[in-house]
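Student: Quick one: sequence plus predicted model below, questions after.
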Amino acid sequence: MGRLQGKVAVITGGTSGIGLATAKAFLREGARVVVVGRDQKKVDQAKDLLGERAVAVRADVANLDELDALYARVRDEFQRIDVLFANAGIPGAPLPVDKMTSEAFDAVYATNVRGTFFTVQKALPLLATGASVILTTSIANDFGRANVSAYASSKAAVRSLAQSFAAELIGRGVRVNAISPGGTDTGIIAKRFSPEQVKVVMERLKTTLPLKRLAQPEEIANVAVFLASDESSYVLGAELVADGGVSRFTSVF
Amino acid sequence: MERYEAKRAVIIGGTSGMGLATAKMLLDGGARVLVTGRSQAGLESAQKELAKGGVVVSSDARSLTDIDALAARVKAEFGAFDLLFVNAGFGLFAPLENTTEAIYDEMFNLNAKGAFFAVQKLAPLINRGGSVVLTTSVANVKGMPGLAAYGAAKAALRSFARVFAAELLPREIRVNAVTPGPIDTPILNKAFPAKDVAAQVTEQMRGLNPMKRLGTSEEVAKAVLFLAFDATFTTGAELPVDGGWSQL
C-alpha cells in the first residue's frame, strides 16, 4: 500500500525538475496527480510521461484567471485536493541591485510570491480536512549572495507565507510546510550552457558543495512525499532543508 | 522487500517513548535493532515489547565507560550498522535561582556530553551512506521558564549535529536533528511526579500548541526514519516535530 494511497495531489511547476520528479513519486505512492505548467509543450510531454493516472493542465500561477480555470477543472474531475504542492517558481535574470528593473523584479514576485499566495488561496474551497500544503522555498533565503536579491527575497517571503498559512489553516485541519532545496540537477544547467561550460560548472560545484554534488530531483521528491503523507502529521509551519548541508555548515576552514 | 530490510540500527535511549516507537517501526520494517536504557523496569518492558528480534542493552548514556562497553557490544552484535539514533535525554524543571550545580551538570552530562561521546565511539562502526539522528528539543529555540540548563544542553546538541555533519561527510554519513515539541511520553510523568501538576502542565502545553494537542512517539519515530533513510540530501539540518510550536 502506497504512502499516499487514494490522495489527490496538485503540483504547480509540475512539468519539469523537482515538480515532475515529485509527480512520479506521488504516483508511485498511490496518489492521483494533477501537474500544472505554463508551457503547453512541457504540459503535453508531462502528460505522455506520467500516463493515465495523471492529469496535466496548462496554467500560469501568475494569472489569477488561469488559477480559477485550473481549480474548476480539478473540482470537476476530483472534487477535492489532499495535497497541494505549490512549487512553481522562477529564478529571474541574475541582476545586481543597480541593474534591477521594476519589470524584472515584478516578474519574479508575480510568480514566486503572488502566484504562491493565490495558488493556496484559490485552492481553499477544495482542500480536504487533513490536507497537506507544501511550498517550495530555497536555501537562497538563508544566504546573502550577489545578483539574486529579487529571487532570494521572494523565497524568504514564501518561507513567511508557509508560517502564516500554517497558523491560519490548522484550524480547518490543513497542514502547511515548506521544502528548501539547495542546488538541484533539474537539467537547467545542461540546457543553458555548452557541454564545455557544463563541465566547468560541475567541477566548480564539486569543490564548493559539501556533498560534492547537486541533489537529484528524486531526493527533493522524497521530502515532498514525507510532508505530503500522514508520516509528518505533527510537523507544521516548518521548512525542511534539503541542500546537502550547504546552509548548515562549512566543510572548509 | 520490506522498507528497512537489512538495515541495522542502534538507539540510545530506546526502551520507552520515542526511542521505543522508532525501534518497533524498524523491527516491523525488517531491520535489526539494538536499544539501550538504564532503568531495570524500562529494560524489562522493552525486552517484551521488542520480543521479535530487538536487542536490549543496559547502558547509562552519561557514562563513558558504559559507552565504550556499548561500542564493543554493537561491534559484536552487528559489526557495522546504518543508523545511530541518540535519543537519551531528560529535562529537569528548575528556575534559575533553584538550579543547583548538580542539576546543571546532570543536564549537560546526559543531554550533551553523553551524546557527544556516543557519536564519537559509535561513528566508526557506521556504514558509508549511514545516518545519525540526534534528539534535540523545542527548548533549544524557544525560551521556556525552568528549562535554562536543559534548553542550553539541547542547543549544544543541535550545534553538534552541524559539526558532526561536516566531519562525518567524507564517510558519507549524514547527521541531522529531530526536534520534538510536547510529546505524550512516559517522561512527562517522570518530570512531574505529582499527578495533578503533570495534568496541569499537559493541559497548558496542549493549549499553547498550534495543533491543540500533544504529539505521539510514533509521529517522532516517522520523522526520525525519514531523516535516517529518505532524506538523502539533508545533513546538518533540524526537523521540528512540534505541531508548529517553534515555527509559527
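Tutor: Here it is on my side, so go on. Given the structure is predicted, the values throughout are model-derived calculations rather than measurements. Residues are numbered from 1 along each chain as shown, chains lettered A, B, ... in the order given.

Student: quick one: which helix or strand includes B:Lys212?
Tutor: Under DSSP states H and E, no helix or strand contains B:Lys212.

Student: now for the biggest helix by length in chain B, which elements pack on it?
Tutor: Ranked by number of residues, the top helix in chain B under DSSP state H is helix B:148-168. Judged by 3 or more C-beta pairs under 8 Å, 6 or more residues apart in numbering or on different chains; DSSP states H and E, helix B:148-168 is in contact with helix B:101-108, helix B:114-122, strand B:126-135, strand B:174-180. Every C-beta, even on glycine, is put in place using the N, C-alpha and C of the backbone.

Student: Specify the local secondary structure of A:Val36.
Tutor: At A:Val36, secondary structure determined by DSSP: H, G, I helix; E, B strand; the rest coil is strand.

Student: who touches the residue nearest the centre of chain B in this structure?
Tutor: What sits nearest the mean C-alpha location of chain B, by C-alpha atoms, centre = their mean, is B:Asn87, with 1.6 Å. Shown in contact with B:Asn87 (C-beta atoms under 8 Å, 6 or more residues apart in numbering or on different chains): B:Ile11, B:Ile12, B:Gly13, B:Gly14, B:Met18, B:Gly19, B:Thr22, B:Val133, B:Thr135.

Student: Quick one: neighbours of the last one, just the number.
Tutor: The one in question is B:Thr135. Residues near B:Thr135, counting by other C-beta atoms under 10 Å in any protein chain shown, number 26.

Student: With the fifth one instead?
Tutor: Neighbours of B:Met18 under the rule other C-beta under 10 Å: 29.

Student: Make sure it is indeed in a helix.
Tutor: Yes. Remark: B:Met18 belongs to a helix, assigned using three-state DSSP.

Student: Just confirm it contacts B:Pro180, I think it does.
Tutor: Yes. The pair B:Met18 / B:Pro180 is scored as a contact, 6.6 Å apart, by C-beta atoms under 8 Å.

Student: intersection of neighbour lists for these two?
Tutor: Shared contacts of B:Met18 and B:Pro180, defined by C-beta under 8 Å, 6+ apart, comprise B:Thr135, B:Val220.

Student: what about the residue sitting furthest away from the middle of chain B, is that helix, strand or coil?
Tutor: Seen from the C-alpha centroid of chain B, the residue lying at the greatest distance (C-alpha atoms, centre = their mean) is B:Glu97, 28.4 Å away. Classification of B:Glu97 using three-state DSSP returns helix.

Student: what does the model give it for pLDDT?
Tutor: B:Glu97 is assigned a predicted lDDT (pLDDT) of 92.

Student: I'd like the distance between it and B:Pro193.
Tutor: Separation of B:Glu97 from B:Pro193 (C-beta to C-beta, to the nearest Å) stands at 21 Å.

Student: And the helices and strands packed on helix B:148-168: which comes nearest chain A?
Tutor: Across those, chain A has its closest neighbour in strand B:174-180 (8.2 Å, C-beta to the nearest C-beta).

Student: could you give the angle of that closest one to strand B:126-135?
Tutor: 20 degrees (axes from the mean of the first three to the mean of the last three C-alpha atoms, to 10 degrees).

Student: Now the next helix or strand after strand B:174-180: buried residues?
Tutor: Of the helices and strands lying after strand B:174-180 in sequence (DSSP H and E), the nearest is helix B:186-191. The neighbour-count check on helix B:186-191 (16 or more other C-beta atoms under 10 Å in any protein chain shown) flags B:Ile187, B:Leu188, B:Ala191 as buried.

Student: and if you look at stretch B:13-31?
Tutor: B:13-27, B:31.

Student: Pick out whichever of those sits closest to chain A.
Tutor: Once C-beta to the nearest C-beta is applied, the member of the buried residues of stretch B:13-31 that ends up nearest chain A is B:Met25, at 10.3 Å.

Student: Let me see the contact set for the closest one.
Tutor: If you count contacts by C-beta under 8 Å, 6+ apart, B:Met25 has them with B:Tyr4, B:Glu218, B:Ala221, B:Lys222, B:Leu225.

Student: quick one: which two of the residues you listed are the most distant?
Tutor: B:Tyr4 and B:Glu218 (15.1 Å; C-beta to C-beta).

Student: So if I had to pick from these two, which one is more boxed in?
Tutor: B:Tyr4 (22 against 17).

Student: Return the residues in contact with the residue lying closest to that one once chain neighbours are set aside.
Tutor: Nearest non-adjacent residue to B:Tyr4, counting by C-beta to C-beta, 6 or more residues apart in numbering or on different chains: B:Gly29, 3.5 Å away. By C-beta under 8 Å, 6+ apart, the contact set of B:Gly29 is B:Glu2, B:Arg3, B:Tyr4, B:Glu5, B:Lys7, B:Leu225.

Student: For the second one, pull up the helix or strand it's in.
Tutor: When secondary structure is defined using DSSP H and E, no element contains B:Arg3, which sits outside every helix and strand.

Student: what about it, neighbour count?
Tutor: Neighbourhood size, B:Arg3 [other C-beta under 10 Å]: 15.

Student: how near is it to B:Thr135?
Tutor: As judged by C-beta to C-beta, B:Arg3 and B:Thr135 stand 21 Å apart.

Student: next one: the fifth one
Tutor: In this structure, B:Lys7 lies at 19 Å from B:Thr135, with C-beta to C-beta as the measure.

Student: how about the helices of chain A, start to end?
Tutor: Under DSSP H, chain A gives helices at A:17-28, A:40-50, A:64-78, A:102-109, A:116-121, A:149-169, A:188-192, A:195-208, A:217-228.

Student: hey, which strand is longest across chain A?
Tutor: For chain A, the longest strand by residue count, based on DSSP state E, is strand A:127-136.

Student: centre of the chain versus that strand, how much separation?
Tutor: Distance of strand A:127-136 from the chain centroid (C-alpha atoms, centre = their mean, to the nearest Å) equals 13 Å.

Student: can you pull the buried residues of it?
Tutor: Residues A:Leu127, A:Ala128, A:Ala131, A:Ser132, A:Val133, A:Ile134, A:Leu135, A:Thr136 are the ones in strand A:127-136 that count as buried (16+ other C-beta under 10 Å).

Student: what sits against the fifth one?
Tutor: Read that as A:Val133. With contact set as C-beta under 8 Å, 6+ apart, A:Val133 has these partners: A:Val83, A:Leu84, A:Ala86, A:Val120, A:Ala123, A:Leu127, A:Phe165, A:Leu169, A:Val174, A:Arg175, A:Val176, A:Asn177.
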